[in-house]
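Participant: sequence unavailable; structure follows:
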């Protein structure tokens, strides 16, 4: 059973419920969540992120509409399908290892969380520019 820990960035300009949806989708792509895994309850998410439980429920309804999750009354919300490719873990493993090593190096050099996120975001945006808005 995998566990997902949500991180909410209140300064991102992205609606909180969408941040939750995107983090679940990312966990599914990376294989960190798999079919049958149970998502944390709205109360658990509220306690760990200070997000209103209704926001989490909205995100879970969105995941259900997308066919990625299913709410089972009295049991919780469960993942119903994966977004990981057939070899996503094998293919991503060397990249994940390199990224983890880079993060350890950044931490060792005294960079804080916000500095690392800013550095990553700038590098990411340089390689993957945002699509122009229509």
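Facilitator: Structure received. The structure displayed is predicted, hence computed values, not measured ones.
Participant: rounded mean pLDDT for the helix or strand hosting residue 101, please.
Facilitator: Assigned by DSSP states H and E, residue 101 falls within helix 88-108. Taken as a whole, helix 88-108 has an average pLDDT of 73.
Participant: after that helix, next one along is what?
Facilitator: Heading C-terminal from helix 88-108 (DSSP H and E), you reach helix 113-127.
Participant: which residues sit against that following helix?
Facilitator: 103, 106-107, 111 (Cβ atoms under 8 Å, 6 or more residues apart in numbering). Every residue, glycine included, has its C-beta placed from N, CA and C.
Participant: tell me the one of those residues nearest residue 70?
Facilitator: Using Cβ to Cβ, residue 103 is the member of these that lies nearest residue 70, at 33.8 Å.
Participant: how about the nearest residue to that closest one, chain neighbours excluded?
Facilitator: Closest residue to residue 103 apart from its sequence neighbours, by Cβ to Cβ, 6 or more residues apart in numbering: residue 116 at 6.8 Å.
Participant: residue 44 versus the one you found, what's the distance?
Facilitator: Counting by Cβ to Cβ, to the nearest Å, the gap from residue 116 to residue 44 is 26 Å.
Participant: how does the protein divide into domains?
Facilitator: Residue ranges for the domains of the chain, per automatic domain parsing: 16-79, 88-127.
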